[in-house]
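[1] Following is a predicted model, sequence given first.
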Amino acid sequence: MTAEFVTPAASDLPGRPVPYVLAAGDGERAHLFDQLFTVLLSADETQGQFGVFTMEAPRGQAVPVHSHPDVHEIFYVLDGRVRVVVEDGEGEKIDRVLTTGDFGYVPAGHRHSFRVESHRARTLGVNTGGFERFFAAAGEPTSSRMPPATPVVPSPEQLGDAARRFRNDFDFGARFIE
């Protein structure tokens, strides 16, 4: 007998390490600010090792400067242009506009920010396992496959709670992108 891939419901992930496939746009979706995040793979499916998500957004405001003491992040631009600013080990800012096909890496502990620079952009992100669920905790889970028409701005309490739970340290006083 030939084994088959699990095909979870459009908004669900298997929750355990089994082979599965998702159709385009499927996964755990959440709106946060002007962005749509779709989790494709979580710590639950990788025994805590890593998570994979997409982010789609129009040109907008920069994400607040933040860092993760023990979470590594990568950005791979699928479509569009995204400015990523990362502080290196000496406190110098590395400022790059990534275009389709470009890759960026933010090691744990480095302050960073990003902003969509084109009309619309899509990125693929990979992170240390568990952090991928920050977006739904800070924003709003959604069944929509599009970025929100009106930005989803969490209350300070909701954002603070999600930041504590998912190891995200915001520095609201810092400006990396004007």
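    That came in fine, so what should we check first?
[2] wait, what's in contact with the nearest residue to Gln158 once chain neighbours are set aside?
    With Cβ to Cβ, 6 or more residues apart in numbering as the criterion, Gln158 has its nearest non-adjacent residue at 6.5 Å, and that residue is Ala138. The way it works is simple: take the backbone N, C-alpha and C, and place the C-beta from them, glycine included. When the contact criterion is Cβ atoms under 8 Å, 6 or more residues apart in numbering, the partners of Ala138 are Leu32, Pro154, Gln158, Leu159, Ala162, Ala163, Phe166.
[3] okay but the last one is in contact with Ala136, surely?
    Okay, so that is Phe166. No - Phe166 is beyond contact range of Ala136, at 10.1 Å (criterion: Cβ atoms under 8 Å).
[4] Who are the packing partners of the longest helix along the chain?
    What stands out as the longest helix in the chain, according to DSSP state H, is helix 156-165. Counting contacts by 3 or more Cβ pairs under 8 Å, 6 or more residues apart in numbering; DSSP states H and E, helix 156-165 packs against helix 134-138, strand 169-170.
[5] Output stretch 93-111 as PDB, nothing but the C-alphas.
    The C-alpha coordinates for stretch 93-111 follow below in PDB (Å, rounded to 0.1, in the frame of the first residue of the first chain):
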ATOM      1  CA  LYS A  93      22.900  49.500  10.600                       C
ATOM      2  CA  ILE A  94      22.900  47.400   7.400                       C
ATOM      3  CA  ASP A  95      20.200  48.800   5.100                       C
ATOM      4  CA  ARG A  96      19.200  46.900   2.000                       C
ATOM      5  CA  VAL A  97      16.300  46.800  -0.400                       C
ATOM      6  CA  LEU A  98      15.700  43.200  -1.300                       C
ATOM      7  CA  THR A  99      14.100  42.500  -4.600                       C
ATOM      8  CA  THR A 100      12.500  39.300  -6.100                       C
ATOM      9  CA  GLY A 101      14.800  36.400  -5.400                       C
ATOM     10  CA  ASP A 102      16.900  38.200  -2.800                       C
ATOM     11  CA  PHE A 103      17.600  36.600   0.600                       C
ATOM     12  CA  GLY A 104      18.300  38.200   4.000                       C
ATOM     13  CA  TYR A 105      19.200  36.700   7.400                       C
ATOM     14  CA  VAL A 106      18.700  38.200  10.800                       C
ATOM     15  CA  PRO A 107      20.600  36.300  13.600                       C
ATOM     16  CA  ALA A 108      19.000  36.100  17.000                       C
ATOM     17  CA  GLY A 109      19.500  39.200  19.200                       C
ATOM     18  CA  HIS A 110      20.000  41.700  16.300                       C
ATOM     19  CA  ARG A 111      17.600  44.600  16.200                       C
END
